[in-house]
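Trainee: let me see the structure of the following:
(3 chains)
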Amino acid sequence: MLKKSSFILTFVVSLAILAGSALAAPPIKIGGLFAVTGPASFLGEPERNTAQMVVNEINAAGGVKGRKLELIAYDTQGDATKAVQAANRLIKEDKVVAIIGPSTTGDTMAVIPVVEKAKIPMISCAAGSKITEPVKKWIFKTAQNDGLAVARIYGDLKRKNISKVAILTVSDGFGSSGREQLKAQARAYGIQIVSDDTYGPKDTDMTAQLTKIKGSGAQAVICWGTNPGPAVVSRNAKQLGLKLPLYMSHGVSSKKFIGLAGDAAEGILLPSGRVIVADLLSNSDRQKKSLLAFVKDYQKHYKAEGDHFGGHAWDAIMLLKGAIERGGDNPAAIRDQLERTRGFAGIGGVFSYSPSDHAGLTKDAFVLVEIRKQDFALVK
Amino acid sequence: MHIGQQIAQYLLSGLSTGAIYALIGVGFAIIHNATGIINFAQGEFVMLGGMFTVFFLTVLNLPLLVSVILAIAAATIVGVAFERLAIRPMKNASPISLVIITIGGSILIRGIAMLVWGKDTHAIETFSGNEPIQLGEATILPQHLWIFAVTTVVIICSKLYFNYTISGKAMRACAYNSRAAGLVGIDVRRMVLFSFAISSAMGSMAGIIIAPLTMTSYDVGVMLGLKGFCAAIIGGMSSGLGTVFGGVILGILESLGAGIFSSGYKDAIAFIILLIILFIRPQGLFAKGDTERV
Amino acid sequence: MTKSRSFLKHEMVKFILFTILILFLPLAFKGGYLLNVFVFVGIHTLLAVALNLLLGYAGQISLGHAAFFGLGAYASGILTATHGQNPWLAMAVVAAAVGTLAFIIGFPILKLKGHYLAMATLGFGIIVYIAFNEAVELTGGPSGFSGIPNLSLGGVSFDTDFKNYYLIWGMTLVTILLSLNLVNSRIGRGLRAIHDSEVAARVMGVNVRFLKVQIFALSAVISSIAGSLYAHTMTFVSPTSFGFNFSVELVTMVIIGGLGSIYGSFLGAALLTLLPEILRAFQDYDIVVYGLLLIFMTMFMPGGLVRGIPALVGRIVMRSGAGSKADA
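Mentor: Model prediction:
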């Protein structure tokens, strides 16, 4: 009997302590939706890690206006149904004031109706341009539109007087969005797509597609995918003796790609966020400070190279922090303040949102890099 | 590059991927022939082979040959443990329960691999260089020769084993009628365990020799396992030449499909042909008909 | 005769109790996110019942049922969002079309047995999945298809979890009732005969092949309706929801719930849909827990939850009974 009552007493006391500490400084709850496992984990894992890292740092430095941030992150597994369930839980159970993520365009499109209905601001980390075109009141994004990367590549092709290209894209959300943009912008740059092929995300041999490209009369090849597909493509291209210039997408802009492709990576060109060339930038570059801080922190916490996918989450949290500092933690106020963000120099670029633009970036968000001697070099 | 040259390359590419599928398919066939189980975890042993090799090579800094041997041994131990812990306790389970158990096993192994080794893709150095070999109009890599050689050796060994050794014959007896095999004094349980050991060793070997070409990560097993399963089905679940032909047919269909028709639908094309084969010859292309046991 | 009547009465009582449970369940959720989860439990129950008719009663495995679900979802989405058709009409037309497709491919596919059948249905599922990904003009490709309208009836739009809960569970309960009737009829007995021994069933005068194809088609029709409901509830569909993994998940629901038990399908669907919510505490370990659960459930509860839970409860009651006696 005594045991029981003492147990109850402890319970009540600890509850009171918990309640007391909560009353002292209730944290501001931010929801996170990331594809930490599943086929899109290459996006979700660095994003979640970065988001947690940034939140911890903000809290260590005293929080936002004296209040701590609390990140509640759920795994969507890259599955639309699970993403919607998790979004519902964040909104109805955890009562978050804003959401960052999801990682993929598909997951984002799936949760948009839920988030819009609940009137909660969301900053997506996915790249698909249809997320913010047309503009949706509560939806923003930090990842650069794929169209901007395509424009960088086509600009370079035009400069080199190349007009016939072959495209080889992966058949998932990332690749199909790239393929759409490659086809849509070709005419404007006077480029003709002579061969349009795809490969599966788990395919292990692309010599068939490359053989076809070899016979198509293309002057350059553009491959749009994320690891490991593009590494297989570059190795296969070397095997077949394909001597055409090979362009990749920003999906492989990390050292991991060079490690996988080995010698075959030499001479490959790709558009990329500035994060992989942070130390090469001139000191006048507005993003340089943010970039170096992010790269250093990520290396310290996770013993791995921070990539621009993690950068999307870094930008999202920082944008939120700014909005909360200016307007408080009310969801509607956060939304209004996000929309007023101007000239925020983050990892993905310099963000300026407006009522007619919730993507916030310009073509300058990408630089063109070339892989030389197993490292990235800026192409002027 | 004219169309003849292209087709030569498609055929050669198809042949080299087909050999990989065949090697994985033989693993399916061996377990099936000894136990009647379709082991959906077979693809995971392919993954384990590659990942263990990466682990021994890069983390423990062992030489290639030692790493390969240790990787095969480690994968075999996992296979044996899987049989002892999950398959053997299921005495009178229905085939459907066994399918679910092996699917559960494959999810479990993949999950543990993800937690232990992370989600990154890893590359292994090729065994003998990267210089392409010109064969007429087409090229292959030295690593492909390794794949052909290992596949050939494995097929010959399994043929010899099943036809000329006592334990091989005993395993065939178990496949034909395990109760009768038990009655004539064959230790059926040992044979089942043995079949899991052989097939996991074989799967891991496949994973190791393809890793320099295809790279490896915790989730490569799913698709490769599926393709190997197809090869075995086309080949009529034979542990010999049937499955090799099955794999090569699948590989060539894929690469011709990708090159000539549509790269997006290449897997669909392969599966449609597979369905047609199944509809016309349900027992596989290379197996004789069998009457149903009542 | 009296025995079968009392049996039917028993079934009826069970069904009414289940209906009452479902009707009042939302009271327990107080408008929280669990209501949303149980909307999906409803859709998954519909799918599990459909697959159970095929797998549990007729004994025919399908590793491609997500394809029928996806066809229903995409076709409903395209007909309503792209072509502006009436959603209810679209749902019926799509279900009929998917049923016809299943009927046609059912003849060659169901001729196969065991793992050949598993392979063929798996192949079919993959072909359909690839089509969802590749027919970009029609389906929006891998990044999905959005803008599907909510269902509406007499001016009421089903745009909240609360309304969708009752809509979907209404459909699911009707399906459960029809399925119970079916499995307790002559057809149901014929199906069980096929499950036990096809040759014996044939000898007894059951048209085995036709019956199997019919049940395959029926199962596809129900799955397609579930797909349409899913599309109108989510207002968005993407290929990843209809891949091989989801087909396996469906088979798992049926087996974990209990083969050949309609209520078992509900338990299986509920467990697997709630699992991610329970496993959130495990973060990245959930895939390992999921694999372990599959293995342990099959090993230690081969009859599924529907038979395993009563047995477990019985054992605990027995033990605690014995324990209190020892205390005294």
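
Trainee: going by C-alpha atoms from here, please, whenever you check contacts or count neighbours.
Mentor: Noted.

Trainee: how many other residues sit next to the residue in the stretch 201-350 of chain A that chain C sits nearest to?
Mentor: As assessed by Cα to the nearest Cα, chain C sits closest to A:P201 within the stretch 201-350 of chain A, at 11.5 Å. By other Cα atoms under 10 Å in any protein chain shown, 18 other residues sit near A:P201.

Trainee: tell me what the nearest residue to it once chain neighbours are set aside is bridged to.
Mentor: Spatially, and ignoring its direct neighbours in sequence, A:P201 is nearest to A:V170 (5.9 Å; Cα to Cα, 6 or more residues apart in numbering or on different chains). Legend: beta-bridge partners of A:V170 under DSSP bridges are A:Y199.

Trainee: quick one: contacts for A:V170?
Mentor: By Cα atoms under 8 Å, 6 or more residues apart in numbering or on different chains, A:V170 lies in contact with A:176, A:198-201, A:224-225, A:229.

Trainee: contacting residues for the residue in the stretch 51-200 of chain C that chain B sits nearest to?
Mentor: The nearest approach of the stretch 51-200 of chain C to chain B comes at C:I127, 4.8 Å away (Cα to the nearest Cα). Residues near C:I127 by Cα under 8 Å, 6+ apart: B:267-268, B:271-272.

Trainee: and the helix or strand hosting it, which residues are buried?
Mentor: If you go by DSSP states H and E, C:I127 is part of helix C:114-134. Of the residues in helix C:114-134, C:115-134 count as buried by neighbour count, 16 or more other Cα atoms under 10 Å in any protein chain shown.

Trainee: swap in stretch C:226-245?
Mentor: Across stretch C:226-245, burial judged by 16+ other Cα under 10 Å covers C:226-244.

Trainee: confirm A:A73 sits in a strand?
Mentor: Yes. Under DSSP: H, G, I helix; E, B strand; the rest coil, A:A73 sits within a strand.

Trainee: thought it was touching A:G32?
Mentor: Yes. If you go by Cα atoms under 8 Å, A:A73 and A:G32 touch, sitting 4.1 Å apart.

Trainee: which of those two has more neighbours?
Mentor: A count of neighbours by other Cα under 10 Å puts A:G32 above the other of A:A73 and A:G32, at 30 against 22.

Trainee: and that one, its phi and psi?
Mentor: When read as degrees, to the nearest 10, the backbone of A:G32 gives phi -130, psi 130.

Trainee: quick one: contacts for residue 280?
Mentor: Assuming you mean chain A. A:L280 makes contacts with A:L378, as judged by Cα under 8 Å, 6+ apart.

Trainee: ah, no, chain C please
Mentor: Counting by Cα under 8 Å, 6+ apart, C:R280 touches A:74, C:286.

Trainee: helices along chain A, start to end?
Mentor: A:2-24, A:41-60, A:80-92, A:105-118, A:146-159, A:173-186, A:207-214, A:229-239, A:255-261, A:288-302, A:308-327, A:331-339 (DSSP state H).

Trainee: want to try TSV for the contacts of C:I127, with pLDDT and neighbour count as columns?
Mentor: Output for the contacts of C:I127, formatted as TSV (pLDDT from 0 to 100; neighbours: other Cα atoms under 10 Å in any protein chain shown):
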residue	pLDDT	neighbour count
B:D267	87	25
B:A268	89	23
B:F271	87	25
B:I272	89	17
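
Trainee: out of the residues you listed, the closest to chain A would be?
Mentor: Using Cα to the nearest Cα, B:D267 comes nearest to chain A of the contacts of C:I127, at 8.7 Å.

Trainee: per-residue confidence at A:A22?
Mentor: Looking at A:A22, its pLDDT is 47.

Trainee: circling back to that earlier point, which of the helices of chain A sits most buried?
Mentor: Of these, the one with the most neighbours on average (mean count of other Cα atoms under 10 Å in any protein chain shown) is helix A:207-214, at a mean of 26.

Trainee: for that one, the averaged confidence score.
Mentor: For helix A:207-214, the mean per-residue pLDDT is 92.

Trainee: next to chain B, which bits of chain A? Give me the list.
Mentor: Residues of chain A lying close to chain B by Cα under 8 Å from any Cα of the partner chain are A:41-42, A:171, A:197-200, A:202, A:204-205, A:207-209, A:211-212, A:214-215, A:227-228, A:232, A:239-240, A:259-260.

Trainee: give me every residue in the stretch 151-300 of chain C lying close to chain B.
Mentor: C:197, C:199, C:252, C:255, C:284-285, C:287-295, C:298-299.

Trainee: for chain B, give me its nearest residue in the stretch 251-380 of chain A.
Mentor: Among the residues of the stretch 251-380 of chain A, A:L260 lies closest to chain B, at 5.4 Å counting by Cα to the nearest Cα.

Trainee: noted, bye for now.
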